[in-house]
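Novice: From the sequence below, what's the structure:
(chains A and B)
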Amino acid sequence: GAVVSQHPSWVICKSGTSVKIECRSLDFQATTMFWYRQFPKQSLMLMATSNEGSKATYEQGVEKDKFLINHASLTLSTLTVTSAHPEDSSFYICSARDSPGSPLHFGNGTRLTVT
Amino acid sequence: GENVEQHPSTLSVQEGDSAVIKCTYSDSASNYFPWYKQELGKRPQLIIDIRSNVGEKKDQRIAVTLNKTAKHFSLHITETQPEDSAVYFCAASRQHHNAGNMLTFGGGTRLMVKP
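Specialist: Next comes the predicted model:
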């Protein structure tokens, strides 16, 4: 079945630094990928829709200059958390569909801790 | 946009009993309703989904029902087992001929099955 790989699985960084998270579709091409954020004991909240070859679409309240998304190829989308602060500590998960109408496949998630 | 409400937020049942989780949605154009199971620190896993042209779907101990008129859908787990303990999320989306349809998630239900 379709596999979405996310890296790293966890990262600890100091406040003010930037962190890049990669999301790869291993056996299919994804023109669209989704980035979600999940705080402890809460639901998944969509941050942005990543579109290959064009700008990402951000949800209301998500700062596009802080959460940089690049979808340079049909198998890779990256999320960069710039100038991270402790309140950015969260579980970030990417997802994609291998074809229209197919279920959403999730990456393993990245637990970001900003100290 | 779509709004998905999920109840209850926590559910404790005795092993062997049934568990029911209910969700309502607001967008009458939504036509795809998946359910995900998420264990602590892991990715959401699709357990069952239903499309709006079907009223009920069953897969072994898991079943989902959909009432389009009332805009609500439910997850039913029979003969619960301790390994069913996890957080369950319902979701809704419009599914069209492209893959760029985002999911809106419910708030989640923490299911605890007591041995």
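Novice: wait, isn't A:P103 in contact with B:L46?
Specialist: Yes - A:P103 is in contact with B:L46 according to CB atoms under 8 Å; the separation is 5.0 Å. In short, each C-beta sits where N, CA and C put it, glycine included.
Novice: shared neighbours, these two?
Specialist: B:P34 (CB atoms under 8 Å, 6 or more residues apart in numbering or on different chains).
Novice: which regions of the chain sit below the pLDDT cut-off?
Specialist: In the absence of a named chain, this looks at chain A. Low-confidence segments of chain A (pLDDT under 70): A:1, A:101.
Novice: look at chain B instead
Specialist: B:95-100.
Novice: Across the sheet, point out what pairs with the nearest residue to A:K64 once chain neighbours are set aside.
Specialist: Setting aside the residues directly before and after it, A:K64 is nearest to A:Y58 in space (CB to CB, 6 or more residues apart in numbering or on different chains), at 4.8 Å. Beta-bridge partners of A:Y58, counted by DSSP bridges, are A:A48.
Novice: measure A:Y58 to chain B for me?
Specialist: As judged by CB to the nearest CB, to the nearest Å, A:Y58 and chain B stand 12 Å apart.
Novice: so what's that residue up against?
Specialist: A:Y58 touches A:M47, A:A48, A:K64, A:F67, counting by CB under 8 Å, 6+ apart.
Novice: One more: A:Y36?
Specialist: Contacts of A:Y36 (CB under 8 Å, 6+ apart): A:L44, A:M45, A:L46, A:M47, A:Y92, A:I93, A:C94, A:S95.
Novice: can you check B:S93 too?
Specialist: B:E2, B:S30, B:N31, B:Y32, B:N101, B:M102, B:L103, B:T104.
Novice: and those residues as JSON lines, adding distance to chain A and secondary structure?
Specialist: Formatted as JSON lines, these follow (distance: CB to the nearest CB, whole Å; DSSP: H, G, I helix; E, B strand; the rest coil):
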{"residue": "B:E2", "distance to chain A": "10", "secondary structure": "coil"}
{"residue": "B:S30", "distance to chain A": "14", "secondary structure": "coil"}
{"residue": "B:N31", "distance to chain A": "10", "secondary structure": "coil"}
{"residue": "B:Y32", "distance to chain A": "8", "secondary structure": "strand"}
{"residue": "B:N101", "distance to chain A": "8", "secondary structure": "coil"}
{"residue": "B:M102", "distance to chain A": "6", "secondary structure": "coil"}
{"residue": "B:L103", "distance to chain A": "6", "secondary structure": "coil"}
{"residue": "B:T104", "distance to chain A": "7", "secondary structure": "strand"}
